[in-house]
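Enquirer: turn this into a structure:
(one chain, ligands or ions: 2)
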Amino acid sequence: MFKYLQKKMDKALHILKGNNKITEINVTATLKEIRRTLIDADVNYKIAKTFIQKIKEKSIGKKVLTSLNPKQLIIKIIYDELVLLMGGKNKEINISKNPSIILICGLQGSGKTSFSSKLAFFLKKKNKKPLLVAADIHRPAAIDQLKIIADKVDIPVFFLKENKNIIEIIKKSFLYANEKKCNVIIIDTAGRLAIDKIMMNEIETIYRYSKPDETLFVVDAMTGQDAINTVQIFSKVLNFDGIVMTKLDGDSRGGAAITMSSVVGKPIKFISNGEKIENIEIFYPERIANRILGMGDIVTLVEKVQEQFNEEKTKKIYRKISKNRFNFEDLFEQIKKIKKIGSIKNIMSMIPGMENFLDKKKEKKDSFKEIESIILSMTPYERHHPTLFSNSNRKNRISKGSGIPLKEINLFLKQFDKINKIMKTMNHNSGSEIIKNFLSKMIN
Ligand SMILES: Nc1nc2c(ncn2[C@@H]2O[C@H](COP(=O)(O)OP(=O)(O)O)[C@@H](O)[C@H]2O)c(=O)[nH]1
Ligand SMILES: [Mg+2]
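Expert: Residues are numbered from 1 along each chain as shown. Ligands and ions are numbered 1, 2, ... in the order given. This next block holds a predicted model:
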């Protein structure tokens with residue numbers, strides 16, 4: 001699923017240079033490649049163009065964090081846009097009532113019957129008690145098809161053989177559900193080759209009579225742009241709640257799936273990626289975006305860094321530094337923040353040039369520990385007044401308390417002093433520049 005997009009995106013992202021700032025020049029090639037990838041994957045030309053435009057605006061406008069690894073930052077921006085394109089957060093189906101009624105509709109062969117049983121199986125695993133209703137009155141074999149699948153997983157099916165009165169089928173199925181204490185009723189309907197009057201009349205009758213809590217429209221991903229057109233036509237006649245996209249295991253290139261919800265304004269709620277009963281997945285835009293980009297770790301990391309070192313917070317550090325009030329307590333706080341982000345190796349790899357350094361000095365991975373012990377051995381007053389350490393008695397005391405040789409303490413104090421000086425000369429906009437220098441000097 002989404003293999004095509006994955007492969008192509010990976011190629012596009014690898015063109016990105018890691019060590020430069022985000023400029024028009026170094027993102028252009030990547031964005032061009034991404035646009036081509038999207039169009040090849042059956043994404044509408046205009047949507048692909050707007051998508052690229054948005055990424056360009058967002059990435060080139062990113063000043064504060066540009067000194068972090070731009071490659072990773074761009075990946076995060078692409079990820080965010082991709083999630084938005086797919087409709088943002090996942091919209092859950094409404095199954096809170098007893099019973100909840102779910103109406104399944106769609107064209108012939110789109111996968112309604114398969115999906116109905118998959119959904120029943122899925123809900124059964126979530127401790128619901130589903131009932132499947134065979135409401136396809138046009139194909140005589142439809143009842144058997146549903147029964148064969150459902151019997152295997154022990155899910156009850158309601159049907160009336162030889163009865164073509166759709167209202168009667170629905171009415172009796174509700175009574176049956178009540179009798180059997182089923183709390184979800186899934187109605188599998190008939191489809192036609194195209195959305196026509198007969199199909200719509202029938203669906204509307206079922207809809208009016210059953211008052212579904214959730215109406216899902218099933219489309220075949222392999223039909224590409226046609227799937228989008230079909231959903232658009234259907235949405236004009238029935239106000240359904242969500243889309244189910246099936247056959248994503250086929251040779252579909254995924255474009256319809258990623259653009260569907262922004263084109264038609266309805267969320268995809270489930271996807272199906274195989275003929276087996278367990279081949280059903282809730283559609284989570286975030287997870288799909290991660291899958292397509294294959295960069296889940298980077299996205300999480302950038303999110304955490306942005307959380308800990310946002311513009312406001314880094315400006316505050318700068319103000320302190322420029323007023324010469326940056327002290328050991330502040331340093332301690334910074335280290336705590338970095339630790340929250342994850343392993344030092346991870347955070348270091350986000351800083352241009354640091355990967356090489358770390359590879360060579362893997363054993364230095366925990367060098368923050370030393371700094372922390374030194375600071376912890378200081379009194380609160382000392383932590384706030386770095387200049388007190390011109391006194392060697394204090395240094396001796398810290399050395400004893402922390403168990404760190406005096407030589408190391410002297411080195412640390414010297415570095416601290418040096419960083420403070422360097423940082424003061426920096427432009428206040430480059431908040432992350434401060435952090436970057438700060439870290440690289442500390443660890444050196
Ligand atoms: N490969 C694949 N086949 C599917 C999927 N969903 C349904 N099918 C197949 O598509 C065909 C039509 O499905 P069916 O549920 O009968 O469609 P309906 O006419 O809408 O009820 C069947 O052969 C299914 O096995 C899927 O996600 N992947
Ligand atoms: Mg069917």
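Enquirer: for the chain, what lies in contact range of ligand 2?
Expert: 112-113 (Cβ under 5 Å from the ion). In short, each C-beta sits where N, CA and C put it, glycine included.
Enquirer: worst-scoring helix or strand of the chain, pLDDT-wise?
Expert: Least confident helix or strand, the chain: helix 354-360 with a mean of 42, by mean pLDDT, DSSP states H and E.
Enquirer: quick check: next helix or strand after that one?
Expert: Downstream of helix 354-360, the first helix or strand assigned by DSSP states H and E is helix 367-376.
Enquirer: who does that following helix touch, helix- and strand-wise?
Expert: helix 328-341, helix 392-402, helix 406-424, helix 431-443 (3 or more Cβ pairs under 8 Å, 6 or more residues apart in numbering; DSSP states H and E).
Enquirer: for ligand 2, what is the nearest residue in the stretch 201-350 of the chain?
Expert: V218 (9.4 Å; Cβ to the ion).
Enquirer: ok, now the stretch 51-200 of the chain?
Expert: Taking Cβ to the ion as the measure, the stretch 51-200 of the chain has T113 as its residue closest to ligand 2, at 3.2 Å.
Enquirer: pretty sure that residue is in a helix, no?
Expert: Yes - T113 sits within a helix when classified using DSSP: H, G, I helix; E, B strand; the rest coil.
Enquirer: ok so, going back, so the closest residue to the residue of the stretch 201-350 of the chain closest to ligand 2 other than its chain neighbours versus ligand 1, what's the distance?
Expert: Leaving aside its chain neighbours, V218 sits nearest to G106 (3.4 Å; criterion: Cβ to Cβ, 6 or more residues apart in numbering). For G106, the distance to ligand 1 equals 6 Å [Cβ to the nearest ligand atom, to the nearest Å].
Enquirer: state the pLDDT value of the nearest residue to Q145 once chain neighbours are set aside.
Expert: Excluding its sequence neighbours, the residue lying closest to Q145 (Cβ to Cβ, 6+ apart) is T113, at 5.6 Å. T113 is assigned a predicted lDDT (pLDDT) of 96.
Enquirer: okay, now the closest residue to I288 other than its chain neighbours: neighbour count?
Expert: Excluding its sequence neighbours, the residue lying closest to I288 (Cβ to Cβ, 6+ apart) is M86, at 6.2 Å. Neighbourhood size, M86 [other Cβ atoms under 10 Å]: 25.
Enquirer: list the contacts of M86.
Expert: Applying Cβ atoms under 8 Å, 6 or more residues apart in numbering to M86 gives the contacts 257-258, 261-262, 268, 283, 285, 288-289.
Enquirer: just the residues you listed: which are in helices?
Expert: Counting by DSSP state H, the part of the contacts of M86 found in helices is 257-258, 261-262, 285, 288-289.
Enquirer: about what we covered before: the residue of the stretch 201-350 of the chain closest to ligand 2 belongs to a strand, doesn't it?
Expert: Yes - checked against three-state DSSP, V218 lies within a strand.
Enquirer: mind listing the residues bridging to it?
Expert: G106, V244 (DSSP bridges).
Enquirer: for it, what are its contacts?
Expert: Taking Cβ under 8 Å, 6+ apart, one finds 104-107, 110-112, 115, 243-246 in contact with V218.
Enquirer: turn these into a markdown table, columns for neighbour count.
Expert: Listed next are the contacts of V218 as a markdown table, based on neighbours: other Cβ atoms under 10 Å:
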| residue | neighbour count |
| --- | --- |
| I104 | 26 |
| C105 | 28 |
| G106 | 29 |
| L107 | 22 |
| S110 | 25 |
| G111 | 22 |
| K112 | 26 |
| F115 | 25 |
| I243 | 27 |
| V244 | 25 |
| M245 | 28 |
| T246 | 29 |
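Enquirer: now do the helix or strand where L146 lies: which elements does it pack against?
Expert: Following DSSP H and E, one finds L146 within helix 142-152. For helix 142-152, the packing partners by 3+ Cβ pairs under 8 Å, 6+ apart come out as helix 112-125, strand 130-135, strand 157-158.
Enquirer: can you list the residues that contact the shortest one?
Expert: Okay, so that is strand 157-158. For strand 157-158, contacts defined as Cβ under 8 Å, 6+ apart pick out 131-134, 143, 146-147, 150-151, 169, 172-173, 176-177.
Enquirer: which one is the spatially most central residue of the chain nearest to, not counting chain neighbours?
Expert: Nearest to the geometric centre of the chain sits E286, at 1.9 Å (Cα atoms, centre = their mean). Excluding its sequence neighbours, the residue lying closest to E286 (Cβ to Cβ, 6+ apart) is V83, at 5.5 Å.
Enquirer: dihedrals phi and psi, E275?
Expert: Backbone torsions of E275, given as degrees, to the nearest 10, read phi -90, psi -20.
Enquirer: what's the burial count for it?
Expert: E275: 12 surrounding residues under other Cβ under 10 Å.
Enquirer: tell me the contacts of it?
Expert: By Cβ under 8 Å, 6+ apart, the residues touching E275 are S114.
Enquirer: what pLDDT does the closest residue to F159 other than its chain neighbours get?
Expert: Distances taken as Cβ to Cβ, 6+ apart put A134 closest to F159, at 4.0 Å, once the chain neighbours are dropped. Per-residue pLDDT puts A134 at 96.
Enquirer: ok, now F332?
Expert: 81.
Enquirer: my guess is it contacts S373. True?
Expert: No - applying Cβ atoms under 8 Å, one finds F332 not in contact with S373, separated by 10.9 Å.
Enquirer: which one's more surrounded, these two?
Expert: F332 (18 against 14).
Enquirer: right, and the residue nearest to V218 touches T223 too?
Expert: No - assessed by Cβ under 8 Å, G106 is found out of contact with T223, at 11.2 Å.
Enquirer: report the contact partners of G250.
Expert: 221-222.
Enquirer: helix/strand/coil for it?
Expert: coil.
Enquirer: how far away is it from ligand 1?
Expert: 6 Å.
Enquirer: ramachandran angles for that residue?
Expert: Dihedral angles for G250 - degrees, to the nearest 10 - are phi -80, psi -160.
Enquirer: domain-wise, how is the chain divided?
Expert: As assigned by automatic domain parsing, the chain contains the domains 3-89, 100-283, 309-443.
Enquirer: average pLDDT for stretch 262-273?
Expert: pLDDT averaged over stretch 262-273 gives 93.
Enquirer: return the set of buried residues in that stretch.
Expert: Neighbour counts over stretch 262-273 (16 or more other Cβ atoms under 10 Å) mark 262-264, 266-273 as buried.
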